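Chemist: need a structure here:
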Amino acid sequence: MKPKAIYYLMIMLLITGMMACGVDDDDTEPAETKTPTTTDSQPAEPIIVERNIDFEAEEQAIRDLYGVYATAHGAKDVDTLGDVWLKSGSDDVFTAWTFWAGTFERNNGWQDVNDAWEGIFRLRAGDVTVDITYIAIDSRGKEAVLRGAYKWGNQQGDLISALEKDGSDWKIRAIDYTGGKNGKQVKDLNEPAYTFGEIAEE
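Modeler: Next comes the predicted model:
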């Protein structure tokens, strides 16, 4: 065989071998760093956020708020109501009562609540006390439900109240002074993280 032919044969064998053992352009990532692909997708672990909430301190803050509430109502102090009620025009902010000659009434939104209290204060007077029998707080420490018995002069009954955090302060969002006798105006919390007392059987 001529030397020239041997030289060409060797080059052809070398090129063929390199093509057979070559690396794909798309496969430039080292094998140990490639992420394996699989059709069996594993569900991601749920992210659990630790919340360090001092529920007893939150309960006390709610009790303190109702102390201000009682003082404001007993003194007919509409201005102080701005410190205890959530100032919002939403229908979620309301009072429900039967103070007008036993007729059920619901006042929605902060302004209507405020105006209604001014009217009621012209008719009724006396010290206010609230005997708190139940408090429930949600796991975020942002919403709460309170139940209790109130006395206001010669008026008395059961109340159910919804509270909500406004920044770092608790505010009253709604109060049903009929104790739920005119439909469930205030809903209880589903699976509260903290409770004081128990709901009395209705």
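
Chemist: what about the most centrally placed residue in the chain, distance to residue 86?
Modeler: By Cα atoms, centre = their mean, the chain has its centre lying nearest to residue 142, at 5.1 Å. In this view, residue 142 and residue 86 are 12 Å apart by Cβ to Cβ, to the nearest Å. All C-beta spots, glycine's among them, are computed from the backbone N, C-alpha and C.

Chemist: overlap in contacts, those two.
Modeler: residue 164 (Cβ atoms under 8 Å, 6 or more residues apart in numbering).

Chemist: and residue 170, that's in a strand?
Modeler: Yes: under DSSP: H, G, I helix; E, B strand; the rest coil, residue 170 sits within a strand.

Chemist: doesn't residue 146 make contact with it?
Modeler: No: look at residue 170 against residue 146 with Cβ atoms under 8 Å: they stay out of range, at 9.8 Å.

Chemist: need the overlap of contacts for the two.
Modeler: Each of 62, 163 lies in contact with both residue 170 and residue 146 under the rule Cβ under 8 Å, 6+ apart.

Chemist: neighbours of residue 173, how many?
Modeler: Applying other Cβ atoms under 10 Å, we find 22 residues neighbouring residue 173.

Chemist: name the residues that touch the one helix or strand it maps to?
Modeler: Assigned by DSSP states H and E, residue 173 falls within strand 169-176. The contact list for strand 169-176 (Cβ under 8 Å, 6+ apart) reads 58, 61-62, 65, 69, 84-86, 88, 92-97, 144, 159-165, 182, 185-186.

Chemist: low-confidence ranges in the chain?
Modeler: 1-10, 12-14, 16-51, 201-202 (pLDDT under 70).

Chemist: looking at it, which strand is longest?
Modeler: The residue-count maximum for a strand in the chain (DSSP state E) belongs to strand 155-166.

Chemist: list the buried residues for that one?
Modeler: 158-165 (16 or more other Cβ atoms under 10 Å).

Chemist: could you dump that strand to PDB, C-alpha only?
Modeler: Taking C-alpha atoms only, strand 155-166 is exported to PDB below (Å, rounded to 0.1, in the frame of the first residue of the first chain):
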ATOM      1  CA  GLN A 155     -80.800  47.600  79.500                       C
ATOM      2  CA  GLN A 156     -79.100  44.200  79.700                       C
ATOM      3  CA  GLY A 157     -78.400  41.200  77.500                       C
ATOM      4  CA  ASP A 158     -75.800  39.100  75.700                       C
ATOM      5  CA  LEU A 159     -73.400  40.500  73.100                       C
ATOM      6  CA  ILE A 160     -71.200  38.900  70.500                       C
ATOM      7  CA  SER A 161     -68.400  41.000  69.000                       C
ATOM      8  CA  ALA A 162     -65.900  40.700  66.200                       C
ATOM      9  CA  LEU A 163     -62.500  42.400  66.700                       C
ATOM     10  CA  GLU A 164     -59.700  43.000  64.200                       C
ATOM     11  CA  LYS A 165     -56.100  44.200  64.400                       C
ATOM     12  CA  ASP A 166     -55.600  47.700  63.000                       C
END
